[in-house]
Structure formats: structure tokens, C-alpha cells
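Chemist: Let me see the structure of the following:
(one chain, ligands or ions: 1)
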Amino acid sequence: MKHAKKIITVCGAVVMAWSAGVAIAGVTKPGDVKFDDTKVTAPLTTEAGDAAKGKVLFSNRKKGNCLACHVNKDLADKPFHGEIGPPLDGVASRYSTSEMRGILINAKVALSDETIMPGFYKVDAGARVAKKFKGKTILSAQQVEDILAYLQTLKE
Ligand code: HEC
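Modeler: Sure thing, here's the model as predicted:
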């Protein structure tokens, strides 16, 4: 009897340790992102990015909305490419994955203090941000990794 109880306790501890491990390993929270100068080397998620999903997010007006500011010939079939930011054709030949991850997470850290490019994975979006977006990031960690996987396909 005593023995059985001990086994149950040990099992419980193992399950708890395992689920805690998954929670930590699964997704990096915005506040825990570590910049190494302008780079973020570690992926935000344990699940690899999906370039096909990233391509859709890139032109989604409510999510990435990258097209509003960036020309991208790979999406020539989509209307209204903006020209505020530099064209992203061949961007993966100019930046490493870690650099592009940094730019996506927070362009103010990775590119310039004054950039108008939104920080897609930071929570301090502004004092008067709409209530439903308070404390939220524009993109989820997985969406950042998906867009990143797509950007990696844009080579010169
Ligand atoms: C509101 C406009 C805006 C949006 C939306 C935007 N960007 Fe930008 N982005 C810029 C600007 C402006 C720059 C140039 C940096 C600067 O301000 O000096 C830039 C720079 C970049 C760069 C560096 C390019 C280079 O050649 O130096 C990358 C990569 C990039 N953006 C990716 C993205 C992606 C991916 C998205 C969508 C998730 C996105 N941007 C959304 C405005 C925007």
C-alpha cells in the first residue's frame, strides 16, 4: 500500500515536470525574447515554420499586412503593394534568418528606433491601443515563424 502511494507520487511529479517542460519549450513569450544585438537566433516555437502559411499571412490585411508597405514580386497577382518599405524581393540573400526574425519581432530594435514598421511580436503596442489588443501581439509566435519560413524562400 505504502509502496503504491509512492509510485503514484513519483508518476505525478514526472507528469508535472513533463507538462511544465512542454509549456516552456513550446513557445517563447514576447517578454522572454532575447535579442543578440539585432538578431534573434532561437526560434520562437518548437514547431518549424510553414512557408505556405507564411505566404498567406504576408498578404493578409489583418495579420502581417506586409504588402501594405513592401513590394514583393512573388505575390505579383495580389493588388496594392505599398512602397513605404524596401522591396522584399531576394530579402533572404541580404539578411540571415536570425536577422529577419529580429526584424519581424521588433523592427525598432532590429532596424531603427524611428521605423514605422510595426513590431509584430512585442506587447507594448501603445497607450491607446484598442482594448481587445491590449497585452497582445499582432502575430502569434507560430505566425512569426511561418512568415520567416516564407521570407527564406525569397532569394535573389
Ligand atoms: C507600416 C509599414 C510596414 C509594414 C506593415 C511592414 N513593414 Fe517591413 N519595413 C517597413 C519600413 C519602412 C522598412 C525600412 C526600415 C526603416 O524604417 O528604416 C521595413 C523593413 C523591412 C525589412 C528589412 C528590408 C531591407 O531590405 O532592409 C524586412 C525584412 C521587413 N521589413 C519585413 C516585413 C514583413 C515580413 C512584414 C509583414 C509581417 C512587414 N515588413 C511589414 C515598413 C513596414
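Chemist: what residues are up against residue 149?
Modeler: By C-beta atoms under 8 Å, 6 or more residues apart in numbering, the contact list for residue 149 reads 48-51, 54. Bear in mind the C-beta positions are built from the backbone N, C-alpha and C, glycine included.
Chemist: how does it look with 10 Å?
Modeler: 48-55, 97 (C-beta atoms under 10 Å, 6 or more residues apart in numbering).
Chemist: pLDDT value on it, please?
Modeler: Turning to residue 149, the model gives it a pLDDT of 98.
Chemist: Quick check: phi and psi on residue 66?
Modeler: Residue 66 adopts backbone torsions of phi -60, psi -40, taken as degrees, to the nearest 10.
Chemist: how many neighbours does it have?
Modeler: 24 (other C-beta atoms under 10 Å).
Chemist: What parts of the chain come near the ligand?
Modeler: Within the chain, the positions lying close to the ligand (C-beta under 6 Å from any ligand atom) are 64-66, 68-70, 84-86, 88, 91, 94, 100, 103-104, 111-112, 115-118, 120, 147, 151.
Chemist: Look up how far residue 118 lies from residue 65.
Modeler: Residue 65 sits at a distance of 8 Å from residue 118 (criterion: C-beta to C-beta, to the nearest Å).
Chemist: re earlier: from the residues of the chain next to the ligand, list just the buried residues.
Modeler: The neighbour-count test (16 or more other C-beta atoms under 10 Å) marks 64-66, 69-70, 85, 88, 91, 100, 103-104, 117-118, 120, 147, 151 as buried among the residues of the chain next to the ligand.
Chemist: quick revisit: quick check: neighbours shared by residue 65 and residue 118?
Modeler: Common contacts of residue 65 and residue 118 (C-beta under 10 Å, 6+ apart): residue 138.
Chemist: In the chain, where is pLDDT below threshold?
Modeler: 1-25, 125-127, 129 (pLDDT under 70).
Chemist: again, only using 50
Modeler: Low-confidence segments of the chain, defined by pLDDT under 50: 11-12, 14-15, 17-24.
Chemist: what about residue 138, neighbour count?
Modeler: 17.
Chemist: so who does the closest residue to it other than its chain neighbours touch?
Modeler: In space, and not counting its chain neighbours, residue 138 is closest to residue 120: 4.7 Å by C-beta to C-beta, 6 or more residues apart in numbering. Residue 120 makes contact with 30, 57, 63-66, 103-107, 137-140, 143-144, 147, according to C-beta under 10 Å, 6+ apart.
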